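Trainee: Next comes the sequence, and after it the predicted model I'd like to discuss.
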Amino acid sequence: MELQQEISFELNQEKVGKVFKTLIDKKEAGRYLGRTEYDSVEVDNEVIIHSNKKLPIGEFVNVKITKAYDFDLEGEVVE
């Protein structure tokens, strides 16, 4: 698991600064949670999205990744 954690962290770091089509799954604790079009539910990364605008649950938005962790990403909506 430690090796997988390192690999995942390295792969996620490569995503910083890139824009991904992201499906909004839910709003929780004042932030939105979603997943890129390449990620599966409960298996792959979650994308933590900070937005002052209301985002449509179940719809795709473009998100620029600003931070990466072992198993999650953070980003902001871009037009």
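Mentor: Looks like it came in fine.
Trainee: Report the buried residues of stretch 52-70.
Mentor: Residues of stretch 52-70 classed as buried: V61, V63, I65, A68 (neighbour count, 16 or more other CB atoms under 10 Å). Any C-beta I mention is one placed from the backbone N, CA and C, and that applies to glycine too.
Trainee: how about those residues in CSV, adding pLDDT?
Mentor: Below are the buried residues of stretch 52-70 laid out as CSV (pLDDT from 0 to 100):
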residue, pLDDT
V61, 97
V63, 97
I65, 97
A68, 96
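Trainee: Turn those residues into a markdown table, including distance to S51.
Mentor: Shown next, in a markdown table, are the buried residues of stretch 52-70 (distance: CB to CB, whole Å):
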| residue | distance to S51 |
| --- | --- |
| V61 | 9 |
| V63 | 9 |
| I65 | 14 |
| A68 | 18 |
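Trainee: What is the helix or strand bottoming out on mean pLDDT in the chain packed up against?
Mentor: Ranked by mean pLDDT, DSSP states H and E, the weakest helix or strand in the chain is helix 2-13, scoring a mean of 91. Helices and strands touching helix 2-13, by 3 or more CB pairs under 8 Å, 6 or more residues apart in numbering; DSSP states H and E, are strand 60-68.
Trainee: Partner strands of the strand it packs on and their direction?
Mentor: Using DSSP bridges, strand 60-68 pairs in its sheet with strand 19-28 (antiparallel), strand 72-77 (antiparallel).
Trainee: Can you pull the phi/psi pair for the residue nearest the centre of the chain?
Mentor: Nearest residue to the geometric centre of the chain (CA atoms, centre = their mean): V47, 1.7 Å. Per-residue torsions, V47: phi -110, psi 120 (degrees, to the nearest 10).
Trainee: Thank you, goodbye.
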